[in-house]
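S.K.: Provided below for reference: sequence and predicted model.
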Amino acid sequence: MCDLMWWMTVENERRLLFWMSCVIIIVGLLSLVGNIPASYGRYSSPAWGRLIDARFTWFMQELPSFLVPVALWLCSDVTPMLPNRLLLGAFIVHYFHRSLVYPVLMKKGQPTPVGVFLMAAVFCLCIGYMQARYLLFAVYPDSWVTSPTFLCGMFLFTLGMAVNMHSDHTLISLRRSSDDVADAVYRIPEGGMFEYVSCANYLGEMVEWLGFAVACWSLPAAAFAVLTICNLGPRALHYHRYNLLLLLLLLLATTVTTNTIAINTSTSFLQLLHSMLGPQGQTFGSSFIMIHCRSGK
Ligand SMILES: NC(=O)c1ccc[n+]([C@@H]2O[C@H](COP(=O)([O-])OP(=O)(O)OC[C@H]3O[C@@H](n4cnc5c(N)ncnc54)[C@H](OP(=O)(O)O)[C@@H]3O)[C@@H](O)[C@H]2O)c1
């Protein structure tokens, strides 16, 4: 089988992976310093271009991180050793789920601007290429799969993935039907790790890629972990603040039903909320905010 990267020398590709990892780390650190949540989901804004259905963008943008490693592996001249196969397999399993399963399970939510979608697709392409090429050629000692580094890393990876998937499922279940735009409202999630943190899905994702970086002990995997933490950490803080404001709204609630509190918000109140929620504000899917309370509380 012909290696897809036959046109690049090993030395040049090693340098390329090094510089790509540096760029990924710098981009991550810049987004951490900028502290502006990416414009999708609840921060979606047409300022970044035409808005597209998020289920389509998640499928298309994440697909390169699944297809590129699979293609590079299948077309490679080398037969990867056991540690390489396990690590690359773990990466591919995550992106199989993220690109092919997650978008099917998702309900219709806030659409994604085309600019953000294209940026995400480019990052997924780069990340998929970097992890696959590094892991196809990395030389690990025979004992790597029984070393504490590998075992701890894979434990964290698996734990993080389980938390991430369970929490994503919890969030998805908060909305009733897959196409009900009027249902695109935010509710307080509960259960699992949401009992302890506001963004259990992000916590899971961060732990997952931290574990992957430990298990790989490589610069490309560390760069991806840094990017993920720098991206999702501050976004989680914004969500936490957002949840606190929703709870504040609860205190100001005007209409109370069984276990649902519907808050009729006047335009001026919404504007006040927009200015409090962050630099880009938030467009709600409906003219009221609905918060589901825990029954009995
Ligand atoms: N590795 C990385 O760098 C990276 C980067 C980004 C995301 N991810 C992962 O990709 C997955 C999705 O990320 P995301 O940023 O889209 O997550 P998110 O903002 O938590 O949203 C996930 C889904 O749940 C809905 N949702 C969120 N909070 C809700 C609430 N309180 N009430 C009702 N519905 C709610 C969202 O709807 P709306 O779309 O309408 O808000 C969306 O459909 C996560 O597992 C995340 O860890 C990874």
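M.R.: Cool, got the structure. Numbering: from 1, shown residues only.

S.K.: quick one: the strand or helix carrying Pro103 near the ligand?
M.R.: Secondary structure assignment for Pro103, by DSSP states H and E: helix 102-105. No: with C-beta under 6 Å from any ligand atom as the criterion, the ligand is not reached by helix 102-105; the gap is at least 6.8 Å. (C-beta placed from N, C-alpha, C; glycine too.)

S.K.: helix, strand or coil for the residue in the chain positioned nearest to the ligand?
M.R.: The nearest approach of the chain to the ligand comes at Gly109, 2.4 Å away (C-beta to the nearest ligand atom). Three-state call for Gly109 (DSSP: H, G, I helix; E, B strand; the rest coil): coil.

S.K.: any idea of the pLDDT on it?
M.R.: What the model reports for Gly109 is a pLDDT of 83.

S.K.: Ser287 now?
M.R.: At Ser287, the model reports a pLDDT of 31.

S.K.: List the buried residues of the helix holding Pro103.
M.R.: Going by neighbour count (16 or more other C-beta atoms under 10 Å), the buried part of helix 102-105 is 102-103.

S.K.: so how far is it off the chain centroid?
M.R.: Helix 102-105 has its C-alpha centroid displaced from the chain centroid by 13 Å (C-alpha atoms, centre = their mean, to the nearest Å).

S.K.: Quick check on Thr112: phi, psi?
M.R.: Main-chain torsions, Thr112, degrees, to the nearest 10: phi -110, psi 140.

S.K.: hmm, back to that, output the contacting helices and strands for the helix holding Pro103.
M.R.: Contact analysis of helix 102-105 by 3 or more C-beta pairs under 8 Å, 6 or more residues apart in numbering; DSSP states H and E lists helix 54-74, helix 148-173 as its packing neighbours.

S.K.: next SSE after it?
M.R.: Going down the chain from helix 102-105, the next helix or strand is strand 112-113, by DSSP H and E.

S.K.: what comes into contact with that next one?
M.R.: The contact list for strand 112-113 (C-beta atoms under 8 Å, 6 or more residues apart in numbering) reads 39-41, 44-54, 57-58.

S.K.: ditto for stretch 61-81
M.R.: 1-5, 88, 91-92, 95-96, 98-100, 102-103, 117, 120-121, 124-125, 127-129, 131-133, 135-137, 139-140, 142.

S.K.: and with 7 Å instead?
M.R.: Stretch 61-81 has contacts (C-beta atoms under 7 Å, 6 or more residues apart in numbering) with 1-4, 88, 91-92, 95-96, 98-99, 117, 120-121, 124-125, 127-129, 131-133, 136-137, 140.

S.K.: in the protein, which ranges drop under the pLDDT threshold?
M.R.: For the chain, the stretches flagged by pLDDT under 70 are 1, 178-184, 253-297.

S.K.: which bits of it sit near the ligand?
M.R.: 41-42, 54, 106, 109-110, 164, 168, 171-172, 174-175, 184, 186-187, 189, 201-202, 205, 227-228, 231-232.

S.K.: Please point out which parts of stretch 187-197 sit buried.
M.R.: Result for stretch 187-197 [16+ other C-beta under 10 Å]: buried residues 187, 189, 192-194, 197.

S.K.: actually stretch 162-172, sorry about that
M.R.: Using 16+ other C-beta under 10 Å as the test for burial, stretch 162-172 gives 163-168, 170-171.

S.K.: For it, list the C-alpha coordinates in CSV.
M.R.: Extracted in CSV, the C-alpha atoms of stretch 162-172 (Å, rounded to 0.1, in the frame of the first residue of the first chain):
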residue,chain,number,x,y,z
ALA,A,162,-17.4,7.9,30.0
VAL,A,163,-18.1,11.2,31.9
ASN,A,164,-18.2,13.1,28.6
MET,A,165,-20.6,10.7,26.8
HIS,A,166,-22.9,10.4,29.8
SER,A,167,-23.0,14.2,30.3
ASP,A,168,-23.5,14.9,26.6
HIS,A,169,-26.4,12.4,26.8
THR,A,170,-27.8,14.2,29.8
LEU,A,171,-27.7,17.6,28.0
ILE,A,172,-29.3,16.1,24.9
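
S.K.: No further questions, thank you.
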